[in-house]
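Chemist: Here's a sequence, model it:
(2 chains)
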Amino acid sequence: MSATPKVGMRIDAQGLTRRYTRSDGSELHALGPIDLALRPGEFFSIVGPSGCGKSTLIDILTGLAPPDQGSVCADGVPYAGKVPPGVGLVLQEDASFPWLSVWDNVAFGLKRLGRSQQDIDARVTHALGFMGLTEFAHARTNQLSGGMRQRMCIARTLVLEPRFLVLDEPFGALDQQTRLLMGDELLRVWRETGATVLLITHSLDEAAMLSDRVAIMSARPGTLLETIETGWERDRDSTVASTAAFGAISGRLWERLRGESMKSMRGAK
Amino acid sequence: MRSHVNKPGLLQRAGPLRFAIVVLALVALEVACRAGLIKHITMVPPSTMIVAAIDALLDPAMRHSILVTLEEVLVASVLSITVGVACGFWLFTVPWLRKLADPVLSAWYAVPVFVFYPVMIVLFGIGARPIIAIAFVFSVAAMVLSTVTALDRIPVALFKMARLHRLNLPRRVAFVLLPAALPHLMVGLRLVTAYALIATIAGEFILSSVGIGHEIAFSYDNFMTARMYGLILIVIFAAVGLNMALSMLVRRMGGTVPVIKGVSGV
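Modeler: Numbers count the residues shown, from 1 in each chain, chains lettered A, B, ... in the order given. The predicted model follows:
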């Protein structure tokens, strides 16, 4: 969104572990131990089978929840259980504020930060145009389709120019063509802002297309099995999907993930 | 833009149909009363009720009584809303307390609170205070339950967004939780005002020497049928008017009016 690239956040996580107590008193080991280091300004994706603890990992990495064990640092500063400044999150589920118009939704964070009206107007106008929502600026969120609401939530996050952008299946509500286009837009925003991006997705193709590195999570308790470097240039777009290298990365991801998904399915049964 | 207005024909005509049924019923009642099918001592024609209501509203003593009742309802409602919302938030944030309070709140309306009148008189003396106390006790649980339900219905994603924006607790409540919960809190608000009105008028029937409840009881005891029905009409209009005002308020704030036990929002 901004013309001035900023330095993305460096995230270092060591030994992250999370356990839950079930209603019957038994313990559920949901996550970890996980060691993770996100380089400033890189595009990092995590793929994993259902129920492997991806959402728990997001909660910990955004500071929404503390780990039971381990540490997490932003630029060397520990922040377990406390959201550090400069973190943006786009969720898979609808996180729009239905009592506000589209405009006010996107302006929400800027207003809370006490930005000037001129700044808010400029940023929101740009973000709505960017997401193709200009003509719906004064609509209520219940007048939008699921995909439009999701784009609005993405705009609400991006106007704040986060240095660490976490995306939890952000394109799940979108159709395939829009997903590809939004992927391109996300890459453009990533290049422009210089933010560190963490994408959690079920789509292996999406992870292979967008990321510098892709990590594969195991079935519960979720740990990182392997991290694959894609080797894409920074200046890339969805056309990489038509290359042989893309097919090889996607295939390798599936090869590694297949067994974990089967384990997860057997566990669910 | 997707339009979500896709009502079947019958629903589109529901408003006028409802109005027509009410008008027809009133006309039938008017005819029955005027023709002597219903004795004057039992019920007066609706037109006479309206005249009696207007007379009551023009009478300074009666206006004072109405104001006393409204004041009692207002005080009891404000108390119930304040205490109810605070307790609701508290129960929501402390799960073990909620577990403890759940059976009490569920059984609240199984206890006829009016039996505590003597206790209230002992505690607060004669006058407005025991009536307000009874109205408060009668209505506060509705607000507590509505608040807890309203907070339960806020999607987890909104709690996360509130924290992601690094808002402190008061700002989280003011900018996210309260607006998100408001449509369902309004159910509690409407119940509180309705219960407070019921309890206040019932209390005035027995306890008070002033107030519209007392005036209705006085009219009944002295066979002033027209006056009694006029006052009942005022109470009905006040209750429906209040309910409509609260529903409109929700709509103005962009919320939808949830349904209370089969009664659609006005």
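
Chemist: burial count for residue 121?
Modeler: Since you didn't name a chain, this refers to chain A. A:Asp121 has 14 neighbours, counted by other CB atoms under 10 Å in any protein chain shown. Backbone N, C-alpha and C define where each C-beta goes, glycine included.

Chemist: Not quite, go with chain B.
Modeler: 16.

Chemist: Skipping its backbone neighbours, what lies nearest the residue of the stretch 51-200 of chain B at minimum distance from chain A in space?
Modeler: Closest residue of the stretch 51-200 of chain B to chain A, CB to the nearest CB: B:Ala157 (3.8 Å). What sits nearest to B:Ala157 in space, not counting adjacent residues and going by CB to CB, 6 or more residues apart in numbering or on different chains, is A:Ala95, at 3.8 Å.

Chemist: returning to what we had before: may I see the buried residues of the helix or strand containing the residue of the stretch 51-200 of chain B closest to chain A?
Modeler: Taking DSSP states H and E as the criterion, B:Ala157 maps to helix B:156-164. For helix B:156-164, the neighbour count (16 or more other CB atoms under 10 Å in any protein chain shown) marks B:157-164 as buried.

Chemist: Stretch A:251-262 now?
Modeler: Buried, per 16+ other CB under 10 Å, within stretch A:251-262: A:252-253, A:256-257, A:260-261.

Chemist: can you check stretch A:103-112 too?
Modeler: Applying 16+ other CB under 10 Å to stretch A:103-112 flags A:103-110, A:112 as buried.

Chemist: ok, of the residues you listed, which one's closest to B:Leu197?
Modeler: The nearest member of the buried residues of stretch A:103-112 to B:Leu197, counting by CB to CB, is A:Asp104 at 35.8 Å.

Chemist: ok, that closest one - contacts?
Modeler: A:Phe97 (CB atoms under 8 Å, 6 or more residues apart in numbering or on different chains).

Chemist: cool, B:Thr48 as well?
Modeler: B:33, B:226, B:229.

Chemist: Figure out the helix or strand that the residue nearest to the spatial centre of chain B lives in.
Modeler: Nearest to the geometric centre of chain B sits B:Ala194, at 1.8 Å (CA atoms, centre = their mean). For B:Ala194, the element it lies in under DSSP H and E is helix B:178-207.

Chemist: So whichever residue of chain A sits closest to chain B: helix, strand or coil?
Modeler: Residue nearest to chain B within chain A (CB to the nearest CB): A:Ala95, separated by 3.8 Å. The three-state label given to A:Ala95 by DSSP: H, G, I helix; E, B strand; the rest coil is coil.

Chemist: Help me confirm that it comes into contact with B:Pro155.
Modeler: Yes. Counting by CB atoms under 8 Å, A:Ala95 touches B:Pro155, with 7.4 Å between them.

Chemist: Give me the more crowded residue out of those two.
Modeler: Shown here are A:Ala95 and B:Pro155; by other CB under 10 Å, A:Ala95 has more neighbours (24 against 15).

Chemist: thinking again about what came up before, show me the residues around the residue nearest to the centre of chain B that make contact.
Modeler: Going by CB under 8 Å, 6+ apart, B:Ala194 touches B:239, B:243.

Chemist: ok, now with 10 Å
Modeler: Each residue near B:Ala194 by CB atoms under 10 Å, 6 or more residues apart in numbering or on different chains is listed here: B:73, B:77, B:139, B:142, B:239, B:242-243, B:246, B:260.

Chemist: Now intersect these with the helices, please.
Modeler: Among the contacts of B:Ala194, DSSP state H puts B:73, B:77, B:139, B:142, B:239, B:242-243, B:246 in helices.

Chemist: how many other residues sit next to B:Val115?
Modeler: 8.

Chemist: Any idea how far stretch B:130-140 is from the middle of the chain?
Modeler: 13 Å (CA atoms, centre = their mean, to the nearest Å).

Chemist: Also stretch A:149-165?
Modeler: On CA atoms, centre = their mean, the centre of stretch A:149-165 falls 10 Å from that of its chain.

Chemist: what about that stretch, near chain B?
Modeler: Yes. Stretch A:149-165 reaches chain B (CB under 10 Å from any CB of the partner chain) through A:153, A:156-157, A:160, A:162.

Chemist: okay, how far is it across that stretch, tip to tip?
Modeler: With CA to CA, to the nearest Å applied, stretch A:149-165 spans 18 Å between its terminal residues.

Chemist: cool, stretch B:98-115 as well?
Modeler: Terminal residues of stretch B:98-115 are spaced 27 Å apart (CA to CA).

Chemist: so what's B:Phe223 up against?
Modeler: Applying CB under 10 Å, 6+ apart, the residues near B:Phe223 are B:Ile41.

Chemist: Report the buried residues of stretch B:163-178.
Modeler: Those would be B:163-167, B:172, B:175-178, for stretch B:163-178 by 16+ other CB under 10 Å.

Chemist: Contacting chain A as well, which ones from these?
Modeler: B:163-167, B:175-176, B:178.

Chemist: pLDDT added to those, as JSON lines?
Modeler: Converted to JSON lines, these look like this (pLDDT from 0 to 100):
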{"residue": "B:Arg163", "pLDDT": "90"}
{"residue": "B:Leu164", "pLDDT": "90"}
{"residue": "B:His165", "pLDDT": "89"}
{"residue": "B:Arg166", "pLDDT": "88"}
{"residue": "B:Leu167", "pLDDT": "88"}
{"residue": "B:Phe175", "pLDDT": "91"}
{"residue": "B:Val176", "pLDDT": "91"}
{"residue": "B:Leu178", "pLDDT": "87"}
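
Chemist: Is it possible to get CSV of those residues that adds distance to A:Pro78?
Modeler: Output for these, formatted as CSV (distance: CB to CB, whole Å):
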residue, distance to A:Pro78
B:Arg163, 18
B:Leu164, 19
B:His165, 21
B:Arg166, 17
B:Leu167, 22
B:Phe175, 28
B:Val176, 27
B:Leu178, 32
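
Chemist: what is the residue lying closest to A:Ser211 once chain neighbours are set aside paired to in the beta sheet?
Modeler: Nearest residue to A:Ser211 in three dimensions, chain neighbours excluded: A:Ser45, at 4.0 Å (CB to CB, 6+ apart). Beta-bridge pairing for A:Ser45 (DSSP bridges): A:Leu199, A:Val214.

Chemist: ok, now how distant is A:Ser45 from B:Leu158?
Modeler: The gap separating A:Ser45 from B:Leu158 is 26 Å, by CB to CB, to the nearest Å.

Chemist: now do A:Thr227
Modeler: From A:Thr227 to B:Leu158 the distance is 33 Å (CB to CB).

Chemist: in the stretch 1-150 of chain B, which segments are predicted with low confidence?
Modeler: B:1-12 (pLDDT under 70).

Chemist: In contact with the residue of chain A closest to chain B, which residues are there?
Modeler: Contacts of A:Ala95 (CB under 10 Å, 6+ apart): A:89, A:105, A:149-150, A:152-153, A:156-157, B:155-162, B:164.

Chemist: shared neighbours, A:Ala95 and B:Pro155?
Modeler: By CB under 10 Å, 6+ apart, the residues touching both A:Ala95 and B:Pro155 are B:Met161.

Chemist: hang on, the residue nearest to A:Ser211 packs against A:Leu224?
Modeler: No. Here A:Ser45 lies out of contact with A:Leu224, judged by CB atoms under 10 Å, at a distance of 11.9 Å.

Chemist: which neighbours do the two share?
Modeler: By CB under 10 Å, 6+ apart, A:Ser45 and A:Leu224 have these common neighbours: A:215-216.

Chemist: Tell me which of the two has more neighbours.
Modeler: Taking neighbours as other CB under 10 Å, A:Ser45 and A:Leu224 compare with A:Ser45 leading, 27 against 19.
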